Every structure is written in structure tokens, then in C-alpha cells.
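[1] Would you be able to build a 3D model of this:
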Amino acid sequence: MAVLRASKQALRKELKRRLAALSAEEKQRQSLVLSRKLLKHPKYVSSQRIAVFLSMDDEVSTEEIIRDMFKRGKNCFIPRYLSNSSHMDMLEINSLQDLEKLPLTSWNIRQPSDDCSNRKEALTSGGLDLMLMPGLGFDLSGGRLGRGKGFYDTYLRRCSEHPKGKPYTIALAFKEQLCEKVPVDSTDVFIDEVLYEEQ
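    Here you go, the predicted model:
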């Protein structure tokens with residue numbers, strides 16, 4: 001277990017180094033390529049209830065995707081992370097204006113406040129069809145290296161217990177985030193597909 005933890009830490013460090021070397025222009029360029037790719041993806045087109053992460057500076061930007069979801073009348077769910085735990089809920093937002101009014105967290109991303117109780121949570125209101133996954137590193141077998149808090153693995157296990165089951169999961173990755181093999185343990189949930197810019 002300690003060996004696995006150490007190899008995850010070493011890989012996180014290496015991936016953060018790779019991401020820090022990416023220019024803002026290159027991140028924007030790859031984000032646009034991946035957004036266009038996703039918007040044509042059959043799973044995206046056929047999904048109504050979609051969970052999407054609000055991107056941090058070192059992640060693929062999801063701005064275009066969120067804009068498109070509202071344009072197509074899809075239900076958009078975003079994460080609310082509870083600090084000091086691995087608990088996360090996916091809460092519905094109703095418009096871009098609604099999103100822009102949300103408070104900023106210490107990670108500089110918007111999320112509904114802890115005491116917000118009037119939003120629908122995905123699992124108590126019909127489940128999810130598709131979940132877009134962030135992460136630091138991915139391999140093409142579905143291995144994912146997150147930031148070590150376990151938010152997404154814990155949430156996907158909750159999804160598995162929902163009558164609708166686990167949603168289809170797609171990771172959005174810069175080419176620089178692809179790894180030959182991500183070290184995983186029994187608590188890590190594999191993802192269905194990694195979307196990246198192919199050469």
C-alpha cells in the first residue's frame with residue numbers, strides 16, 4: 001500500500017510538472033479540440049442528465065461544453081465538494097447566469113454554498129446519464145489519477161447503488177496527461193473512455 005501511495009505521489013509530481021510547462025494558448029487550443037470532439041460524441045448527444053466539472057487552470061476547459069448543454073436543453077450538474085472530507089454532491093444549475101452567481105472556493109472555482117438546499121442533487125432526482133471526469137493523469141485502460149482526495153471515486157460508488165446505475169464516464173485529457181499505466185488500488189474506479197487529441 002505504501003509503495004502504491006509513493007508511486008502515485010511521484011506520478012502526481014511529474015504530471016504537475018508537465019502541466020505547468022503547457023502554455024495558456026496550448027491549453028486553450030487542446031480544450032477547444034476536445035470540446036468539439038465531445039459535442040459530436042454519441043454518448044453526449046444522447047445523454048440528458050450530465051455531470052460536468054468546472055475546470056481549474058491546469059484542466060481541460062469545460063466552458064464551451066456547459067454553454068452547449070444549456071443551448072441543447074440538457075440538465076447540467078456541477079460538483080459541490082465538502083471540505084475536510086471525500087464527500088461530493090452533484091447539484092443542478094439552471095443557466096450560465098445561475099453559474100456566474102455562485103461563490104468562489106479557495107480553489108478559485110465556483111460551487112453552490114454548503115448551506116444551499118434548494119438545488120436538485122443528481123442521485124436524489126433521477127441519476128446521471130454521463131459524467132465528465134477531471135484528473136491529473138489517465139491511461140487508455142481507464143485508469144485515472146486524481147488529486148488524492150477521493151471525491152470522484154466515492155461519488156461513482158454511490159452512483160453504482162442508484163437504481164439507474166453508474167453513468168457513462170468520459171475523462172477530458174490534455175495529451176500531456178496520458179500515462180502508460182496509472183497505479184491503481186481497489187478503491188479506484190475505472191473510467192469508460194479518455195478523450196484526448198490524437199496525433
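
[2] secondary structure class for the residue lying closest to residue 22 once chain neighbours are set aside?
    Once its chain neighbours are removed from consideration, residue 22 has its nearest residue in residue 176; the separation is 6.1 Å (C-beta to C-beta, 6 or more residues apart in numbering). C-beta here means a position set from N, CA and C on the backbone, and glycine is covered the same way. Local secondary structure at residue 176 is given as helix here, using DSSP: H, G, I helix; E, B strand; the rest coil.

[3] So residue 176 versus residue 23, what's the distance?
    When C-beta to C-beta, to the nearest Å is applied, the distance between residue 176 and residue 23 equals 11 Å.

[4] So the two - more neighbours on which side?
    Counting neighbours by other C-beta atoms under 10 Å for residue 176 and for residue 23 shows that residue 176 has the greater number, 18 against 8.

[5] Neighbours of residue 148, how many?
    Counted by other C-beta under 10 Å, the residues lying close to residue 148 total 12.

[6] hang on, I meant residue 74
    Using other C-beta under 10 Å, the number of residues around residue 74 comes to 20.

[7] Quick one: the strands in the protein, in order.
    Assigned strands in the chain, in chain order: 49-51, 75-81, 88-93, 130-133, 137-138, 144-145, 168-172, 193-195 (criterion: DSSP state E).

[8] Let's have the ones you listed in CSV, adding mean neighbour count, mean pLDDT and distance to residue 17.
    Written out in CSV, the entries for those read as follows (neighbours: other C-beta atoms under 10 Å; pLDDT from 0 to 100; distance: least, C-beta to C-beta, whole Å):
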stretch, mean neighbour count, mean pLDDT, distance to residue 17
strand 49-51, 24, 97, 29
strand 75-81, 20, 94, 25
strand 88-93, 22, 93, 27
strand 130-133, 23, 98, 22
strand 137-138, 25, 96, 12
strand 144-145, 23, 94, 14
strand 168-172, 23, 97, 20
strand 193-195, 18, 97, 20
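
[9] Format these as CSV; extra columns: distance to residue 28.
    Rendered in CSV, the data for these read as follows (distance: least, C-beta to C-beta, whole Å):
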stretch, distance to residue 28
strand 49-51, 22
strand 75-81, 21
strand 88-93, 23
strand 130-133, 18
strand 137-138, 20
strand 144-145, 23
strand 168-172, 14
strand 193-195, 16
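
[10] Determine which of these approaches residue 67 most closely.
    When the strands of the chain are ranked by proximity to residue 67, the top entry is strand 75-81, at 10.1 Å, counting by C-beta to C-beta.

[11] relative to strand 88-93, how tilted is that closest one?
    Here strand 75-81 runs at 140 degrees with respect to strand 88-93, directions being taken by axes from the mean of the first three to the mean of the last three C-alpha atoms, to 10 degrees.

[12] For strand 75-81, which helices and strands make contact with it?
    When contacts are defined as 3 or more C-beta pairs under 8 Å, 6 or more residues apart in numbering; DSSP states H and E, strand 75-81 sits against strand 49-51, helix 63-71, strand 88-93.
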